[in-house]
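Colleague: Fold the following for me, if possible:
(4 chains)
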2 protein chains.
Amino acid sequence: MSDQTIATDKLRIAILGGEYLPGERLVEAQLCERLGVSRFNVRAAIQELAADGLVKVERNKGAHVRKVSIDEAVEITEVRMVLEGLVAARAAAKVTDAQASELDEIGLLMRRAVSAGEFRRYSDLNSRLHSLIRGIAGHSTADGIIETLRGQLVRHQFMLSLHPGRPAISLPQHERIIEAIRERDPKAAEDAMRAHIASVIEALRDMDAGETR
Amino acid sequence: MSDQTIATDKLRIAILGGEYLPGERLVEAQLCERLGVSRFNVRAAIQELAADGLVKVERNKGAHVRKVSIDEAVEITEVRMVLEGLVAARAAAKVTDAQASELDEIGLLMRRAVSAGEFRRYSDLNSRLHSLIRGIAGHSTADGIIETLRGQLVRHQFMLSLHPGRPAISLPQHERIIEAIRERDPKAAEDAMRAHIASVIEALRDMDAGETR
DNA sequence: TGCGCACCGATTGTTGACAATCCTGGCCGC
DNA sequence: GCGGCCAGGATTGTCAACAATCGGTGCGCA
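Modeller: Numbering: from 1, shown residues only, chains lettered A, B, ... in the order given. Just a heads-up that it's a prediction; the model follows:
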């Protein structure tokens, strides 16, 4: 594995992990030490993450961790809404029996996690569910874009997942998605997924209103 | 304007213009001459276009013009379908009176172009219409992705636009989109846009069946 | 005191040379 | 004759030094 890959992965993880805050400047020389690679590789890593929308580079001014406003977060989530809707519809059209029971399994675990009040676990299951649906759909174009967008939202998503009361709202939505896919009803699956993510958007907006008050 | 920007733009135009065919290898040294810039800038340009999905780089093997299969073209267009649907809905929610008449104007010109058999002109108007709708919506996230995807499809889109009989099919679809936006009906606008692009997907598939026969 | 300007350290941009890797074509042994 | 193997050239990957640019700081002048 090349230094470049190492540097890119390390830097991506550091940013996603919150070790660099949004807006924070990324000085190449510092990153060389931090990542243990040459400046050449640091620059390559920055370029790659810029393509992913995680950092923003300004000519002659270096790179910053990209700061996504609430408005942008909403836009990004809107895009995710329609894309995951597409993916859900396609998953409903292609799902196998084995995959269907896998979905059910996750649904069951989610119910348990909510009633046990295990937020963190529920959040993990949430990721697993969405990821499994994307796997079933096998839509690599949509998949790639969704993954990129998810990266840009980690911070907001994270705050949202800790919001008390969210699981109670999203659990039935998830159940409806699972049901629609299991019944191989693409339209219902798309609608359910969009309704779910629309409610995420609402929560994002509310959260913002709460913070800026 | 920096050499890097110049190189990227020139190379992008050359690829989109078909001067480099899909699958063709891009040798850095050759591009230096062709573009009149240093290898450093050539590499930067290649990186940027790789992020746009126009070229694909393989480590130690250089860059090729990305070849998009019919299946990928369909996937990409599916994504465009839901994204442009989102954008159309938002445009319907935000359109001003002035913009509404601009839409109407394009609709009129389209009808004229079709009845006069001016395919090329119709194709241009098509771009203008979609572009205007995106402008009205002002959804920069969706906009950027759509633009990127369009780039990956130029070849297929181009072949499609020359397909005889396409304008007759797509004109009423465009009219319905315009009408829905003018009536400020987001859902109708989204549906109309999706129906339109769904028909493009069908045409793509047919075209493929025709070619590979 | 307040404003503008020139300098300087810090940081990024660029270059040319060199190292690593891959692909081709010809040679050797079987 | 054929398969594998080993140069050698072509191409890409990497580096360290150098150039250009930015931002701040302190000086001079009104």
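Colleague: what about the spatially most central residue of chain A, which SS state?
Modeller: The structure's chain A has its C-alpha centroid closest to residue A:150; by CA atoms, centre = their mean the separation is 2.8 Å. Classification of residue A:150 using DSSP: H, G, I helix; E, B strand; the rest coil returns helix.
Colleague: For chain A, which residue gets nearest to DNA strand D?
Modeller: Nearest residue of chain A to DNA strand D: residue A:38, at 3.2 Å (CB to the nearest atom of the strand). Heads up, the C-betas are built off the backbone N, CA and C, glycines and all.
Colleague: I figured residue A:167 hits residue A:120, correct?
Modeller: No. At 10.7 Å, residue A:167 does not count as touching residue A:120 under the criterion of CB atoms under 8 Å.
Colleague: Residue numbers of chain A in contact with DNA strand C?
Modeller: Proximity of chain A to DNA strand C (CB under 7 Å from any atom of the strand) is limited to residues A:25-29, A:43, A:57, A:59-63.
Colleague: run the last query once more with 10 Å
Modeller: Within chain A, the positions near DNA strand C by CB under 10 Å from any atom of the strand are A:2, A:25-32, A:39-40, A:42-43, A:46-47, A:57-64.
Colleague: Among those residues, which lie within strands?
Modeller: A:25-26, A:57-58, A:62-64 (DSSP state E).
Colleague: out of those residues, which touch DNA strand D?
Modeller: A:58, A:62.
Colleague: Not counting its own residues, what contacts the helix or strand hosting residue A:109?
Modeller: Using DSSP states H and E, residue A:109 maps to helix A:97-115. Helix A:97-115 is contacted from outside by A:95, A:121-122, A:125-126, A:128-129, A:132-133, A:136, A:167-168, A:171, A:174-175, A:178, A:181-182, using CB atoms under 8 Å, 6 or more residues apart in numbering or on different chains.
Colleague: Spell out which residues sit in contact with the residue of chain A at minimum distance from DNA strand C, please.
Modeller: Residue nearest to DNA strand C within chain A: residue A:62 (3.0 Å; CB to the nearest atom of the strand). Contact analysis of residue A:62 by CB under 8 Å, 6+ apart lists A:25-28.
Colleague: Go ahead and confirm the residue nearest to the centre of chain A touches residue A:144.
Modeller: No. Counting by CB under 8 Å, residue A:150 stays clear of residue A:144, with 10.8 Å between them.
Colleague: Residue A:143 against residue A:86, yeah?
Modeller: No. Using CB under 8 Å, residue A:143 makes no contact with residue A:86, being 10.5 Å away.
Colleague: Which residues are in contact with residue A:57?
Modeller: Neighbours of residue A:57 in contact, by CB under 8 Å, 6+ apart: A:46-47, A:50, A:63-64.
Colleague: can you rerun that using 6 Å?
Modeller: Residue A:57 makes contact with A:50, A:63 under the criterion CB atoms under 6 Å, 6 or more residues apart in numbering or on different chains.
Colleague: now the helices: where do they sit in chain A?
Modeller: A:3-16, A:28-35, A:39-51, A:70-94, A:97-115, A:119-137, A:140-161, A:166-182, A:186-211 (DSSP state H).
Colleague: how about CSV for those helices, with mean pLDDT added?
Modeller: Compiled in CSV, the helices of chain A are given as follows (pLDDT from 0 to 100):
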stretch, mean pLDDT
helix A:3-16, 96
helix A:28-35, 97
helix A:39-51, 98
helix A:70-94, 97
helix A:97-115, 97
helix A:119-137, 95
helix A:140-161, 92
helix A:166-182, 96
helix A:186-211, 90
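Colleague: before we move on, the earlier item: residue A:143 and residue A:86: which has the busier surroundings?
Modeller: For residue A:143 and residue A:86, the more surrounded residue by other CB atoms under 10 Å in any protein chain shown is residue A:86, and the numbers stand at 26 against 17.
Colleague: Could you measure from the more buried one over to residue B:79?
Modeller: Plainly put, residue A:86 is 7 Å away from residue B:79 if you go by CB to CB, to the nearest Å.
Colleague: which residues are common contacts for these two?
Modeller: In terms of CB under 6 Å, 6+ apart, residue A:86 and residue B:79 are both contacted by the residues residue A:142.
Colleague: and residue A:154, how many residues sit next to it?
Modeller: Per other CB under 10 Å, the neighbour tally for residue A:154 reads 15.
Colleague: my bad, residue A:23
Modeller: 10.
Colleague: can you pull the contacts of it?
Modeller: Residue A:23 neighbours (CB under 6 Å, 6+ apart): A:64, A:67.
Colleague: Please tell me how far it sits from chain B.
Modeller: 19 Å (CB to the nearest CB, to the nearest Å).
Colleague: Mind pulling up the pLDDT for that residue?
Modeller: Listed pLDDT for residue A:23 reads 95.
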